[in-house]
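> how would this look folded up:
(2 chains)
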Amino acid sequence: MIDFIGRRRIYAVFSLLMLVPALLGLAIWQFEPGLDFAGGLESEVRFLRDIEAADVEAAIGGVSRPDGASLDVAAGDDGEFIVELSLASADAEASSETSSALLTAITDALGATDVDDAAIDENGARYEIWFAAPTTQDEVRAALETVNLGGARIQSTASDTFRIRVEQPEDGDLEGLRRRINDSLRTEIGPIVVLQSSSVSGVLSTEIARDAGIALAVAAGAILIYISLAFRRLPNPVLYGSAAIVALLHDITLVAGAFAIGGQVAGLEVNAMFVTALLAIIGYSVNDTIVVFDRIRENLLLDPREDFRHVVNAAITQSLGRSLNTSITVVLALLALLLIGGVTVRPFVVVLLIGTAAGTYSSIAVASQLLVLWQDGTLPRFLRLGGERRVVRSRRA
Amino acid sequence: MRRFRFRDAYICTLIFILAGFAIAASWPGNPSRYLPNFIPWPAGGGVQVGGWERSEFRLGLDLAGGVSVTLEVAGEAASVRRGESLSGFLAREGVARNVVIELNPSLRDLDPADDDQPLPAGIDTIVLPLDVDEAQLEESVEEARRIIEERVNGFGVSEAEVTVVGEDRINAQIPGVDADEASGLVGSTARLEFREIDPVQRVVPPPLSPLDIRDALDDLWMPAVRDAPAEFGLRSQPYFIPEADEDVIVVESVRWIPATGITEVGETVQLSGRHLIANSIARTLDESATPALSFEFEDEGARLMEQITRRLAPAQEPLGIFVDRELISSPRVNAVIADSGIINGLSDEDAITLRRQLRAGALPINLRVLQNTEVAATLGADSVVETVQAGLIAFLAIVVFMIIYYRVPGVLAALALIVYAAGVMATFKLVPITLTLAGIAGLVLSIGFAVDGNVLVFERLKEELRLGRSLNGAVETAWARAWPAIRDANVSTLITVTILWLFADALNQNLIKSFALALLVGTGFSFVTVMTVTRTFMNLLVSSRWATSSRMLGVRELVVLEEPRRRRRGQGTADAND
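Predicted coordinates for the structure are as follows:
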């Protein structure tokens, strides 16, 4: 059996080493508020060349194709063109030859293209084609300056795609702001397609922050009550709930601190998804703590006279395999989301990753330790640090 | 070896049938989008029972593309009289200064000591707080919701949702449109009103710059009509600049004031959209064959129209037709008209939109946009592929990990996970529950949670085996002892997830709501699959010939798997509870 309780000072020091920078980060920089909290407008636009379906049709008109094959060009809703080839009879070779000839013809006649979604089989092919117009950040800024929005934050996400962020306007007219941005880009640069845009009024953002706080408090309260009920057969059931809540606060502080620091270093922003992730961590952190506590309860009910430290040590050791394995599976799921999933969910996944690690650690290093300290009544001494050794000695004596 | 029980075999068969159905139901129609395409995957057809059909998942706006708009009731705008001071306005309307300033950010810069000075010319209306009681507000909000819904449906959008949120908000979820189309459908009040002119002049002093002119124009309440010199870059806005010499520009414009008449009971009333007979509004072509809307007035409207046209006709003055404070057309009045009218100068598209809006009626209250989110359909489709692939890889990684670490029980857990995943997916598709990016992320995360129940039991099983129990006894004890932990872990997750959902619901944060719901469904399902599926599989395994080697169960120590001698009570602490 591993002596987890005996190493509590190491855990305390380690937690402090993590908590101090987290709290400092929170105190000095606070959060970098994302759109949901700062209010304003953020939109991602893609610049397109001024090409019409007729141009595409003309470009591929001369491509030879098997008898009876039909060719269809249609303009999609988002500025893309859908080129569809369907053969009269299934012929894999003719299909792949013709479809690649089509693509070559389009590229030769109309220049660079961007094929977003291609499906080719023996019956024909379907392409989704974009004609991207590479644009510079300066051009975008110049366009926005014509409508007095030169101060916008402009970030290039691809050679033809930009993310534009504008603060909440004084008069609160988000619709007008959106129209001004799109109109100026269209008149000054050329056709655009809005990939996504989001505007949030300041009124809403303060509400989200307030309600998130309430949700957090209510969730913590509900868990305290549930744990106290689940452990009612033990002496001091409220201690278990309280220890779990402290561990939870520990985890949330770490994640929030990491985000405050990340906001300064990597531009991580706090939005509604961040709040979601924080609330999900509550679930995870408590879940992990409860499994350890369950084991303590079981061991304690088996032999109530056993030394409490020993009981806790045994419980942690026994549930260690489970804790690690569950964390590993959750981390595997999160890593997959982080590496392959879209950009939008990335900050969210980072929060959950930190939270999962913190949740696993805090069950052992915070919740269980606090339980022992409270139960023994040695917490005040421990907090004064250094006093603890005497306690240990007196117990062994 | 445990005695084989038919009950386990029945349950197992039932599980396989249900899982098979769930997989068939949730199998995508185009699997090669998500799976490696060198294997010719069969295409799924969805489910169809009579008229009830589910062939696709219901996707949220972030995945399907579309617009979500949240509107809030805003106050009523009151006109400022010419030359009126703020204090004069406040006294006339009987409202407090701070209340008005709260609602009108443009007034914030006014010096309180200056309240008796005339308001700057740019301020022509001031928003007043809503003066309605709760029942009235509720009624108006519901009326506005109905009108917006009618407009959206008239636009031909399927599966749009317009809901009242809280007391004074409306949320509209409209798939397949862009933000411009959506704001026309949702944001505009569609208040039709008639105004007549009141000429004004502004002189722009030198030095001249386009900005000066723009400012001068903005000073006018509703600067109107005709073309400006191209060099001022004002072409897109119809301003009228008659003289442009080197020293000074005189900007002449018109001020449109409400066109009113006197009703039968002697009230002075502005002619507006509510005087139209809704069913009479029709698209037509005017004499120059451009699109127009024709309409008829009801009795009071006809009375007002007659008075107004009688006043305007002698000088052939124009009658301004405004929709949401924007001048749509300004025909000159040639004769006294009473019962009908026409709005021309519209594009074909505008005519369609305006007709729909006027027929659905003007919104009874002013609404302002609180939140507007737009996602293009193509971007959403990319996100679906990315996230689904991430989910599949996560699933595979977890399955491999479980099998390597827990051996035979790991295989059982993998099977249980497949049942779990199929069940969750089928639930989402068949109910249907709207799937969003956050929801998929929640589901991927819930795979991790779903393993937890299995891990708890397997770890306990190993422990019990190491204590020297028979396999049969160890399995029974492992389940019995892991139960409180499984229960508490799941209940605590359910508590937080439910609170998360309530929080999101109150705020109308659809992404968070969807995440919470996915986690809620996922947690619920994992609870059930662990207690039924894994349990049944385990029972069958224990009664089979395969479970003879402790290595297969992931326990390295030598463990006796034969039925041991009968244990005596009090043999060890671990047995004390048997």
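
> all strands for the stretch 201-350 of chain B, in order.
B:243-244, B:249-258, B:260-262, B:268-270, B:282-285, B:291-296, B:319-323, B:326-329, B:340-343 (DSSP state E, counting those that start in this stretch).

> What's the mean pLDDT across the third one?
Think strand B:260-262. Looking at strand B:260-262 alone, the average pLDDT works out to 87.

> Next: stretch A:267-285.
Rounded to a whole number, the mean pLDDT of stretch A:267-285 is 80.

> go on, stretch A:193-210?
The model assigns stretch A:193-210 a mean pLDDT of 80.

> and the end-to-end length of it?
The stretch stretch A:193-210 measures 35 Å between its terminal residues, going by C-alpha to C-alpha, to the nearest Å.

> How far off centre is that stretch?
In terms of C-alpha atoms, centre = their mean, to the nearest Å, the centre of stretch A:193-210 is set 17 Å apart from its chain centre.

> And stretch B:294-306, by the same measure?
A distance of 39 Å separates the C-alpha centroid of stretch B:294-306 from that of its chain, computed with C-alpha atoms, centre = their mean.

> Can you mark which positions in it are buried?
B:Ser294, B:Phe295, B:Glu296, B:Phe297, B:Glu300, B:Gly301, B:Ala302, B:Arg303, B:Leu304, B:Met305, B:Glu306 (16 or more other C-beta atoms under 10 Å in any protein chain shown). For the C-beta atoms, the positions are set from N, CA and C on the backbone; glycine is no exception.

> cool, and stretch B:462-482?
By neighbour count with 16+ other C-beta under 10 Å, stretch B:462-482 contains the buried residues B:462-479, B:481-482.

> Same list, these, but only the ones touching chain A.
Checking the buried residues of stretch B:462-482 against chain A by C-beta under 8 Å from any C-beta of the partner chain, the ones in range are B:Lys462, B:Glu463, B:Arg481.

> And the closest residue to B:Leu103 other than its chain neighbours, what's its pLDDT?
Spatial nearest neighbour of B:Leu103, chain neighbours left out: B:Val127 (4.5 Å); criterion: C-beta to C-beta, 6 or more residues apart in numbering or on different chains. What the model reports for B:Val127 is a pLDDT of 77.

> picking up where we left off before, just put the strands of the stretch 201-350 of chain B in TSV and tack on distance to chain A.
Output for the strands of the stretch 201-350 of chain B, formatted as TSV (distance: least, C-beta to the nearest C-beta, whole Å):
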stretch	distance to chain A
strand B:243-244	22
strand B:249-258	20
strand B:260-262	29
strand B:268-270	25
strand B:282-285	25
strand B:291-296	23
strand B:319-323	15
strand B:326-329	12
strand B:340-343	23
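
> Buried deepest among these, which one?
Per residue and on average, the most neighbours among the strands of the stretch 201-350 of chain B fall to strand B:319-323, with a mean of 23 (mean count of other C-beta atoms under 10 Å in any protein chain shown).

> the inter-axis angle of it versus strand B:291-296?
Taking axes from the mean of the first three to the mean of the last three C-alpha atoms, to 10 degrees, one finds that strand B:319-323 is oriented at 100 degrees with respect to strand B:291-296.

> got the contact list for the nearest residue to B:Ser492 once chain neighbours are set aside?
With C-beta to C-beta, 6+ apart as the criterion, B:Ser492 has its nearest non-adjacent residue at 4.7 Å, and that residue is A:Val286. By C-beta atoms under 8 Å, 6 or more residues apart in numbering or on different chains, A:Val286 lies in contact with A:Ile223, A:Ile227, A:Ala244, A:Leu248, B:Ser492, B:Thr493, B:Thr496.

> The fourth one: neighbour count?
The reference is to A:Leu248. Close neighbours of A:Leu248, defined as other C-beta atoms under 10 Å in any protein chain shown, add up to 28.

> again with the third one
Around A:Ala244 there are 32 other residues, counting by other C-beta under 10 Å.

> now swap in the first one and tell me
Counted with other C-beta under 10 Å, the neighbours of A:Ile223 add up to 26.

> and it, how far is that from chain B?
Between A:Ile223 and chain B the distance is 6 Å, computed by C-beta to the nearest C-beta, to the nearest Å.

> Please identify the helix or strand for that residue.
Secondary structure assigned from DSSP states H and E places A:Ile223 in helix A:202-230.

> and after that helix, which helix or strand comes next?
Following helix A:202-230 in sequence order, the next helix or strand is helix A:237-266 (DSSP H and E).

> Could you tell me the angle between the direction of that next one and that of helix A:202-230?
Using the same axes, to 10 degrees, helix A:237-266 lies at 150 degrees relative to helix A:202-230.

> For chain B, tell me whether helix A:237-266 is touching it.
No - applying C-beta under 8 Å from any C-beta, one finds that helix A:237-266 is not in contact with chain B, the shortest distance being 8.6 Å.

> Buried residues of that helix, list them for me.
Under the neighbour-count rule (16+ other C-beta under 10 Å), helix A:237-266 has A:237, A:239-263 buried.

> Buried residues of whichever helix or strand comes after that helix, list them for me.
Note on helix A:237-266: by DSSP H and E, the next helix or strand toward the C-terminus is helix A:272-302. Taking 16+ other C-beta under 10 Å as the basis for neighbour counts, the residues of helix A:272-302 that come out buried are A:272-300.

> just stretch A:47-60 next, same as before
The neighbour-count criterion (16+ other C-beta under 10 Å) identifies A:Phe47, A:Leu48, A:Arg49, A:Ile51, A:Asp55, A:Val56, A:Ala59, A:Ile60 as the buried residues of stretch A:47-60.

> hang on, isn't the second one packed against A:Ile189?
If I follow you right, that is A:Leu48. No - contact criterion C-beta atoms under 8 Å: A:Leu48 and A:Ile189 do not qualify, at 10.0 Å.

> Run through the helices of chain A in chain order.
Applying DSSP state H to chain A gives helices spanning A:8-29, A:35-38, A:53-60, A:92-110, A:137-145, A:174-188, A:202-230, A:237-266, A:272-302, A:308-339, A:346-362, A:368-376, A:379-383, A:388-396.

> try the stretch 51-200 of chain B
In order along the chain, the stretch 51-200 of chain B carries the following helices (DSSP state H, counting those that start in this stretch): B:61-64, B:86-93, B:97-103, B:134-154, B:179-182.
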